[in-house]
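S.K.: Here's my sequence, what's the structure:
(one chain, ligands or ions: 1)
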Amino acid sequence: MSAKLIDGKKVEQITMDLLKKDVENWVESGNRRPFLKVVQVGTDPASSTYIGAKTKACNKVGIQTDTTHLPDTVSAKELKAAIRSFNEDDKIDGILVQLPLPSHLSSHDVIESIDHRKDVDGFHPMNVGRLTVDQPTFPSCTPAGIFELFRYYSIPVKSKHAVVVGASNIVGSPMAIMLSRENSSGKATTTICHKFTRDLTTHTISADILVVAAGQPNLIKPEMVKEGAVVIDVGINRIADETSEKGYKLVGDCDFEGIRKKASWITPVPGGVGPMTVAMLMKNTLLAAKKSIYFEN
Ligand code: NAD
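M.R.: Numbers count the residues shown, from 1 in each chain. Below you'll find the predicted structure:
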């Protein structure tokens, strides 16, 4: 068997084109253009790259955006005061604090200070909680993007055995919640694995759908995957590569070449899940502007 490729770049393009039309219709109907406020603490180059990609996506779909830069010495009090002013600003629809934060700041504390109605990353406990009880919410962008890929390629999820490797608040955990809910998106029987899981293969080998978000290159090898499985590789890892100009290349968490001979569908890295994450951020920002999740009383 040779797996069919899930082309995240193609689905991203289609999604972004639709979002652009949606934004234009919204503005043409007399509404204010949606606005995303980004907050960057410090000057971490990877964070700057991610923010650059988000800004570019905003420009593409017609969402206004700007980034407030704060020094990495900013206190929790100062950062939360800035967030409070953005919460109260009616011209701001979505607020995103780029993670990770310097170690003296608690990301939980900072995320909780964002008004949950503007939490377009979907990380606020209110939004995560609503996800677990099938209520309308801003879903975490990476799992939401994976569900868009399932929809686009008509990959059935209902009643399948889904195994998620990785249990972070950002990817693994919300992915497992979305897969497992019986009254909303997933309806799959779901197993969640993490670094304390004993004998990972026992679980992965029985997966009809295997989602891997561990940040460990080559963690999943062909012998750990069931024949015909759908394999979603979320991992983005830099590994040394002398043949590349940059001196490194990006790989996922799965042995792509080995697994593609066994799987029915597979996402490449790069070009699989990654492009969808930013598209879902645009979608959540438009939902926030339209007040589609939390209505005004
Ligand atoms: P994280 O470090 O917060 O969490 C990693 C999770 O993997 C933890 O739950 C940990 O217990 C588990 N894990 C680690 N080693 C394991 C092992 N050997 N066996 C089983 N479980 C193991 O990472 P994260 O933020 O969830 O990101 C995971 C990966 O996904 C990273 O490579 C990250 O760069 C990538 N990522 C990609 C996107 C995207 O848009 N494609 C978005 C977010 C994160």
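S.K.: From residue 103, how far off is residue 163?
M.R.: 32 Å (C-beta to C-beta, to the nearest Å). C-beta coordinates here come from the backbone N, C-alpha and C atoms, glycine included.
S.K.: neighbour-wise, which of these two wins?
M.R.: residue 163 (26 against 7; other C-beta atoms under 10 Å).
S.K.: Confirm the more buried one sits in a strand?
M.R.: Yes. The assignment for residue 163 is a strand, going by DSSP: H, G, I helix; E, B strand; the rest coil.
S.K.: quick one, what contacts it?
M.R.: Contacts for residue 163 (C-beta atoms under 8 Å, 6 or more residues apart in numbering) come out as 190, 191, 192, 193, 203, 204, 206, 207, 209, 210, 211.
S.K.: quick check, nearest of those residues to residue 150?
M.R.: Ranked by distance to residue 150 (C-beta to C-beta), these are led by residue 209 at 8.3 Å.
S.K.: my guess is that closest one contacts residue 158, does it?
M.R.: No. Applying C-beta atoms under 8 Å, one finds residue 209 not in contact with residue 158, separated by 10.8 Å.
S.K.: before we move on, back to that, can you turn the buried part of the contacts of residue 163 into a ChimeraX selection?
M.R.: Remark: buried members of the contacts of residue 163, expressed as a ChimeraX selection using 16 or more other C-beta atoms under 10 Å:
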select :190,191,192,193,203,204,207,209,210,211
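S.K.: taking the contacts of residue 163 one by one, which sit in strands?
M.R.: Cross-referencing the contacts of residue 163 against strands under DSSP state E gives 190, 191, 192, 193, 209, 210, 211.
S.K.: from the residues you listed, which single one is nearest residue 15?
M.R.: residue 211 (19.3 Å).
S.K.: just to revisit the earlier point, near the ligand too, which of the ones in strands among the contacts of residue 163?
M.R.: For the ligand, the contacts drawn from the ones in strands among the contacts of residue 163 by C-beta under 6 Å from any ligand atom are residue 193.
S.K.: residues in contact with residue 130?
M.R.: By C-beta under 8 Å, 6+ apart, the residues touching residue 130 are 136, 137.
S.K.: so how far is the helix or strand harbouring it from its chain's centroid?
M.R.: In the assignment (DSSP states H and E), residue 130 maps to helix 125-132. For helix 125-132, the separation from the chain centroid amounts to 15 Å (computed by C-alpha atoms, centre = their mean, to the nearest Å).
S.K.: Now it: average pLDDT?
M.R.: Average pLDDT, helix 125-132: 97.
S.K.: Kind regards, and thank you for your time.
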